[in-house]
Structure formats: C-alpha cells, structure tokens
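1. Turn this into a structure:
(chains A and B)
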Amino acid sequence: MKALTREYAARIREYLEPEFAVAESEIQFTIPPNRRYGDLSTTLPFVLAKRMQKKPIEIGRRMVSILSGRFAPMAEVSLAGGGFLNFTLDRRHFLRYLLDTRERRPAARDKRIVVEHTSINPNKAAHIGHLRNACLGDTLARSLKYLGYPVEVQNYIDDTGIQVADVVWGLLHMLRMSPEEICRIDDPAALLWELYAKVSRHLSADPESEKARNRVHQAIEERREPEYGVADWISSRVLEDHIRVMASIGIRYDLLVRERDIIELDFFARAARIMEQKGILYASSDPEKQGCKVIHYRHEDLEKVVIRSNGTATYIAKDLAYTFWKVGRFSEEFPFREFCRYDDGRVVLTTDFRGGDETRDFGPAQRVFNVIDVRQSYLQNIIAQVLEDLDPDGAGGHPFVHFSYEMVALTPRCVRELELPLSAEDENKPWIEVSGRKGIAVKASDLIEQLTVRSREEVDKRNPDLDESSRQDIAVQIAVGALRYFMIKFNARAVIAFDFKDALAFEGDTGPYLQYTLVRLNSILRKLDREAETFVRTDTDPTRLEPAESAEFFDLLLQLADGDNRIESALENQDLSGIANHAFALCQAFNRYYHGYPVVNEPDPMLRSLRIQLLLLVRERLGRLLWLMGIPVPTRM
RNA sequence: GCUCCCGUAGCUCAACGGACAGAGCAACUGACUUCUAAUCAGUAGGCUGGGGGUUCGAUUCCCUCCGGGAGCGCCA
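-> Just a heads-up that it's a prediction; the model follows:
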C-alpha cells in the first residue's frame, strides 16, 4: 500500500504543480472513517490554506476540478468537511494490486538489531510481570524480523546478584539442606518461589541473618564451595525452567548473557576506560561522593555513582559493560557454548567465561532494544545518554532504545482470590504491585495451567468427537493465544491491573476471538481444497458487488492494505498494542462480512470468486498478525 | 522537593492534531434444519478530571489546578 500511495502522491503533485507548490511528502493519505468519504483522504487543502492565505474550501474545490478524471486508479475525487480531499479508488485496479502483492514482504535491511528481553533473576519461578516483558519482547523481535532486520534475541541472566544469595542462604541455612539434597530438588523454580518470599520476610525481621546472607553472597563472588556450586546449580536450573515456560508460549532466545561472565572477563574495566577517556566517567567533587566515580545525568542534573569509594562497581556498571559489548564499543568477545536445545533442535547459546566451542553468528548491533519496565527508566536513560555522548553525531538515530512498558499489578480482589495477605491500606489501593520478593504474584506456570484448564472445558463442550490428545492440543493453543493477546493488547504505558476474570475471558476482545476467526476462515477455504489458491489469478470485477457488500468488502481491503503501516507505527510509538488492535478490528470486520455473505454456497460464480479472493487476502494478513503476536492457529476449535 | 507516566461509557480499554469520540465486558432485545453461535444484529450508556490557551479543527499540543501511580541509594 505504501508503494501505491507514494505513486499516487507523485502523480497528484505533478497534476497540481502548475497552480500549487506542494512537496510530495506533504501529500499524506489516511483511510477515512467511513466509506462514504471515499477510500483515501488527504488534508492537503488545510495544509496549503495557511501558506496561500486562502480558504481551504476554495483550494479544495480548485484541486477537485484539476484532478477529476485525470488518472484512472483514483477514480473519483471529492471535497468534504471543509477541506478533506477524498479519493475513491478504482475497485478493480485496487483488488488486483492487493492480489498481486499478496505475498510481498518488506525488503531485507542490513541494520543489525539486538533485542534484550525477559531477563528474570534466576532465583525463582517466572510470574505475570515477566510474562508481559517476554510477550512484548518477543512480538517486538518478530516485528523487526518481519520488517526485514537481522535480529538477535538476548536474555540477560543476573546470576551474581544478592537475590541468588538470598535463596542459597535459605536452602543451606533455613532449610538446612546439603548440596547433594539441593541437587535432587525436582522443581527448584517452584520450591524457590515459596522460599524466596520466606527468606525475604526473615531477613527483614532479623539483621543477624542478613549478615549471614551477606557472607553467603561474598562466598559466591569468591567462588567458594559449597555456596558457589549451589548458586550455579540453582541459577542454571531455574533458568532452564524459565526457558521451558517461555518456549511453551512460543518465546525463544538466541543467546543468554550471564552477568558472571561479564564480571569474570572484566568487561566493565574496558567500558570504564572508554568512558574515562571521554570524560563521561569522572571523580566526583561532591563531598558526599568523595572517592566515587560518577556519571552526570543531565536531564535531572544528578551524579550517579558508578564506582564506589571502595573501588567496587554498582549495578549500572554491569549494564553499561553489557551494552558496550552489544553495540561493539570494544572488540573483546565472550566464549560461547550450548546451553540447551529446543524441540526442533535449535540451540540456545550461553556466554561462559570458562570457555566454549560455539561461535555466535551475529556481529555488533547498530541498534539495541532493552525491554525493561518503566521503573528502570532512570538507569536506562543514563545508559542512553552515555551511548549518545560517545557518538554525538552518530548516523542512523539513537543506537539505544529503552523499550519501556508499565508494570503488571494485581487488583485487590485478585490478591484476595489468591489468599495472599492484604493490608487494610492495600485494600483501598487501585492495585497492588507484583513482587516476587513478597510472594505477591501469579506464577506464570500457574496462570498458563489455569488458562489451559478453562479452555479445555470449552474445547470439550464443542468438540466431543475429537480424541483426548487433540482436544488437549487445541486447549493449549487457545490458552497461549488468550495469554499472549492479553499481554499485548494494552497500551504499553498503562499498568495492567491483573484480574482472573479478564485474563480468562475467551470472548470479545481476546486472543481466542482472533483464533476463532481464522479457524473458521480456514475451514471455508479447506472446503475448496486446492482449488482455493487458483482464485488469486481469476479475473474478477468487484463493481458487480451490491453497494452494501462493496462497502464492507473494501473496508476490509483497506484495513488489510494498511497493515504494514500499523506495524511500523507500533514500533515507532513503542507501543505494540497497535498490532493487537489492528488484528482485532480486522477480525470484527471480517466476522461481520462473513455473517452476511455466503462463499462456498454462493451460486453466482463472479460473487463467489470475489469472496474467495477476499478470504485469501484476509487469511494471509491475519495469519501474519497472529504470528507476530505469537498466537497459534488451531486446525479447529 | 525534583523527573516521568496516567485520568475517556458502570467496568476494562481504543481513537498518526482531523470528519457525528469507538470497541469489549456487564445489562436488556433478537438471530443457530445455514461455510463453526468462542459468532452476528440491535437498545441503553459520554461536559474525554476542572479551567485557560494555540489551531480552520484538540481526547490528542502548551500552561495551570485536582486526583492516581512510578522513579530519584556508595541496593540489585
């Protein structure tokens, strides 16, 4: 559609040139809200009114008389609403164009992109907050791939932090387990889920145990046994669990980057040298920060401590080092080895300072997306500032993007349903922040399980003829569809106040609605068997459609044609909900159409062919949108 | 105190500065001997938090006030 509108803009500019000085880029088309305004619209008369000191309506009238009947694809031109220039497309030409370009995808681009997402601390099971992150990150990565970029998906593993020490201390000293016993735990993620909350409560109540925990943390950092071995075992097993859970909803990673390796390979020292050379990192002159090295954050005029007065690095240091590596600010490389494989054999690589025999087939990124919730904005903004300072007149825009989104919280009702403690104060809050530390959260695996059980009930009701395993497969696909759509459909800047009632819904604005739409569409095309595809080439005449059908028919075509614009603007706005909204609107329009007009049973061959062509176009587009969101398409439901 | 975000129908949310502010849920009324009713059609529901401004045009941009949230550590 972009190619088409660009061509139209060029032609219009050419025709108007004798009387109106217009740049091609000023001729922007939108799809008007109603077919009675035509198919494409531009506000050109408004734009020129100011410049020419004339009324928009006069300019518009003149343009209509110049453009009327000038070139065929823009069949009609009219003026409405005081200055909207509305065009009606040649229906036959437009339909043919869409059929011919049906499988066209955006051209490949060479800007390499790294998307970092998920990045869950490996000391407990994943929860709904992490699911939002992973679903957004995965759809972001898929969208970028669809638009033609080479994309590598990285998952950052903070395996040296205090949270891992918390649970190691808990296992060794609260539960008094031996390392051998710990290695026999069969579901560590779930056990640690409970334990982490317990440890956190204990530590905040008892300063002595906090000291003991700190000794454990130090032991891990100094690679002393048994603490180090236990920490390594735990973080690896929990990480495997996260990867397995995410794989179950269609989310995959190319590379795991472990914080331990960044520390062992001393990447931060290299990053620090670069920053010091450029004066970005410097010794603070603030008496309170004597002996510290800091970065000045301009937006809030604050000095952020990066190296403490005792010479150790703060949290942001590792993130800076990691980011520098991502964008190739220094040439040192990690050793890589295989961490695990997906069912189809695809390998997930991990960094490993001890060495590895795998190579990573992906160079430094020209652009980095960090999918991290809004609470990390402060640090992420500092990193963005540093990267821009290092390359002030860098071509190609910002190399570092904090792909920010709001947190997931629980409604008070949800907390009550989970039988978690709820203070009187929390009772009146609009929502309660999710916290793995406090154990206030819905575990990802539990939510997926509940969704599967719920969808299984519906599947059983509707498909009694299917065997057990087919019904279960479908139930799982529907559960995944419901979950992934739910995590994408909200504006990224909106807090999701999680509630089981909304999340377990399968009707209306939900993933299953989209799935159902495509399943039905597919089942019609299946009735036509292989014959269906041949209709792409059939010469049809859409002017044969009755006006009511024609309006709906072209409504759908215009929405389809606008798809890539919607994907691009979702990325520009850093808000993927646009993709979900677009898919939902498309399904609504299709379901309405489908309800009114038979396809297979239509006796008139021309109408039948037209409707089949529409179905093929919707299938192509909708299938793509569902793929972008990671929503599977069952064979029936 | 400083920085950022949010406020739209009873509830949950849409609307590149554009045309009469749209959906879903809930409520009510209808449509299955018909390509899947996880669907569709219809009714009802709005001073888009208040007040100024910019604009041909403001839910959208600017200012201000009110209400809600998050972040601001030599924690991670």
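
2. Which residue comes closest to the residue in the stretch 151-300 of chain A positioned nearest to RNA strand B once chain neighbours are left out?
-> Minimum separation of the stretch 151-300 of chain A from RNA strand B (C-beta to the nearest atom of the strand) falls at residue A:161, amounting to 3.1 Å. C-beta coordinates here come from the backbone N, C-alpha and C atoms, glycine included. Counting by C-beta to C-beta, 6 or more residues apart in numbering, residue A:121 is the residue found nearest to residue A:161 once chain neighbours are left out, at 6.3 Å.

3. so how many other residues sit close to that neighbour?
-> Per other C-beta atoms under 10 Å, the neighbour tally for residue A:121 reads 21.

4. Make sure it is actually in contact with residue A:162.
-> No: counting by C-beta atoms under 8 Å, residue A:121 stays clear of residue A:162, with 9.6 Å between them.

5. residue ranges of the helices in the stretch 301-450 of chain A, please?
-> Secondary structure of the stretch 301-450 of chain A (DSSP state H, counting those that start in this stretch): helices at A:315-326, A:377-390, A:412-417, A:424-427, A:444-462.

6. Lowest average pLDDT across the ones you listed?
-> When the helices of the stretch 301-450 of chain A are ranked by mean pLDDT, helix A:424-427 comes last with a mean of 80.

7. Which elements pack onto that one?
-> If contacts are counted by 3 or more C-beta pairs under 8 Å, 6 or more residues apart in numbering; DSSP states H and E, helix A:424-427 sits against helix A:412-417.

8. what's the helix it packs on packed up against?
-> Counting by 3+ C-beta pairs under 8 Å, 6+ apart, helix A:412-417 packs on helix A:424-427.

9. The helix it packs on and RNA strand B in contact?
-> No: Helix A:424-427 is not in contact with RNA strand B by C-beta under 7 Å from any atom of the strand; minimum separation 9.4 Å.

10. And the residue of the stretch 501-637 of chain A that's closest to RNA strand B?
-> For the stretch 501-637 of chain A, C-beta to the nearest atom of the strand, closest residue to RNA strand B: residue A:508, 2.1 Å.

11. Make sure I have this right: that residue is in a helix.
-> No: under DSSP: H, G, I helix; E, B strand; the rest coil, residue A:508 falls outside any helix and is assigned coil.

12. Is there a neighbour count for it? I'd like the number.
-> Counted by other C-beta under 10 Å, the residues lying close to residue A:508 total 9.

13. Tell me who's in contact with the residue of the stretch 351-500 of chain A found nearest RNA strand B.
-> Going by C-beta to the nearest atom of the strand, RNA strand B is nearest to residue A:491 of the stretch 351-500 of chain A, at 2.4 Å. Contacts were defined as C-beta atoms under 8 Å, 6 or more residues apart in numbering; by that measure residue A:491 touches A:575, A:577.

14. How much space separates it from residue A:140?
-> For residue A:491, the distance to residue A:140 equals 15 Å [C-beta to C-beta, to the nearest Å].

15. and if you look at residue A:179?
-> Using C-beta to C-beta, one gets 40 Å for the distance from residue A:179 to residue A:140.

16. what's the answer for residue A:193, then?
-> Taken as C-beta to C-beta, the span from residue A:193 to residue A:140 is 27 Å.

17. same thing with residue A:347?
-> From residue A:347 across to residue A:140, the span is 22 Å (C-beta to C-beta).

18. And for residue A:209?
-> 41 Å.

19. The helices of the stretch 301-450 of chain A into TSV, with extra columns for mean neighbour count and distance to residue A:634?
-> Shown next, in TSV, are these (neighbours: other C-beta atoms under 10 Å; distance: least, C-beta to C-beta, whole Å):
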stretch	mean neighbour count	distance to residue A:634
helix A:315-326	22	38
helix A:377-390	18	38
helix A:412-417	17	28
helix A:424-427	10	40
helix A:444-462	18	9
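
20. would JSON lines of the ones you listed with distance to residue A:524 be doable?
-> Output for the helices of the stretch 301-450 of chain A, formatted as JSON lines (distance: least, C-beta to C-beta, whole Å):
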{"stretch": "helix A:315-326", "distance to residue A:524": "47"}
{"stretch": "helix A:377-390", "distance to residue A:524": "47"}
{"stretch": "helix A:412-417", "distance to residue A:524": "40"}
{"stretch": "helix A:424-427", "distance to residue A:524": "50"}
{"stretch": "helix A:444-462", "distance to residue A:524": "18"}
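
21. before we move on, the earlier item: the more surrounded of residue A:347 and residue A:140?
-> Between residue A:347 and residue A:140, counted using other C-beta under 10 Å, residue A:140 has the larger neighbour count: 24 against 15.

22. what about the nearest residue to the more buried one once chain neighbours are set aside, which SS state?
-> Among residues not flanking residue A:140 along the chain, residue A:115 sits closest, at 5.7 Å (C-beta to C-beta, 6+ apart). With three-state DSSP as the basis, residue A:115 sits in strand.

23. Residue A:115 bridge partners, please.
-> residue A:153, residue A:369 (DSSP bridges).

24. Could I get the contacting residues of it?
-> A:137, A:140, A:141, A:144, A:151, A:152, A:153, A:154, A:368, A:369, A:371, A:403.

25. Verify the stated contact: the fourth one with residue A:571.
-> Yes: using C-beta under 8 Å, residue A:144 is in contact with residue A:571, at 7.3 Å.

26. What score does the residue lying closest to residue A:418 once chain neighbours are set aside have for pLDDT?
-> Leaving aside its sequence neighbours, residue A:418 sits nearest to residue A:442 (C-beta to C-beta, 6+ apart; 6.9 Å). What the model reports as pLDDT for residue A:442 is 93.

27. pretty sure residue A:442 is touching residue A:126, no?
-> No: using C-beta under 8 Å, residue A:442 makes no contact with residue A:126, being 10.4 Å away.

28. Get me the contact residues on the stretch 101-250 of chain A for RNA strand B.
-> Counting by C-beta under 7 Å from any atom of the strand, the stretch 101-250 of chain A sits next to RNA strand B at A:121, A:158, A:160, A:161, A:162, A:163.

29. can we see that at 10 Å?
-> A:121, A:123, A:158-166, A:214, A:217 (C-beta under 10 Å from any atom of the strand).

30. Okay, strands next: where are they in the stretch 201-350 of chain A?
-> In chain order, the stretch 201-350 of chain A shows strands spanning A:255-258, A:281-283, A:293-297, A:302-307, A:336-341, A:347-351, with DSSP state E, counting those that start in this stretch as the criterion.

31. Can you add mean pLDDT and give those back as TSV?
-> TSV is the format used below for the strands of the stretch 201-350 of chain A (pLDDT from 0 to 100):
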stretch	mean pLDDT
strand A:255-258	97
strand A:281-283	96
strand A:293-297	96
strand A:302-307	96
strand A:336-341	97
strand A:347-351	97
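
32. Just the buried positions in stretch A:600-608, please.
-> A:607, A:608 (16 or more other C-beta atoms under 10 Å).

33. CA atoms only for stretch A:316-334, dumped as PDB, please.
-> Below are the C-alpha coordinates for stretch A:316-334, written out as PDB (Å, rounded to 0.1, in the frame of the first residue of the first chain):
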ATOM      1  CA  ILE A 316      24.600   0.100  36.500                       C
ATOM      2  CA  ALA A 317      28.200  -0.700  35.700                       C
ATOM      3  CA  LYS A 318      27.400  -4.200  34.500                       C
ATOM      4  CA  ASP A 319      24.600  -2.900  32.400                       C
ATOM      5  CA  LEU A 320      27.000  -0.300  30.800                       C
ATOM      6  CA  ALA A 321      29.600  -3.000  30.100                       C
ATOM      7  CA  TYR A 322      26.900  -5.300  28.600                       C
ATOM      8  CA  THR A 323      25.600  -2.500  26.400                       C
ATOM      9  CA  PHE A 324      29.000  -1.600  25.200                       C
ATOM     10  CA  TRP A 325      29.600  -5.100  24.200                       C
ATOM     11  CA  LYS A 326      26.200  -5.300  22.400                       C
ATOM     12  CA  VAL A 327      27.000  -2.300  20.200                       C
ATOM     13  CA  GLY A 328      30.600  -3.300  19.700                       C
ATOM     14  CA  ARG A 329      32.300  -0.500  21.600                       C
ATOM     15  CA  PHE A 330      35.100  -2.800  22.400                       C
ATOM     16  CA  SER A 331      36.400  -5.800  20.500                       C
ATOM     17  CA  GLU A 332      36.600  -8.400  23.200                       C
ATOM     18  CA  GLU A 333      34.300 -11.300  22.900                       C
ATOM     19  CA  PHE A 334      32.700 -13.900  25.200                       C
END
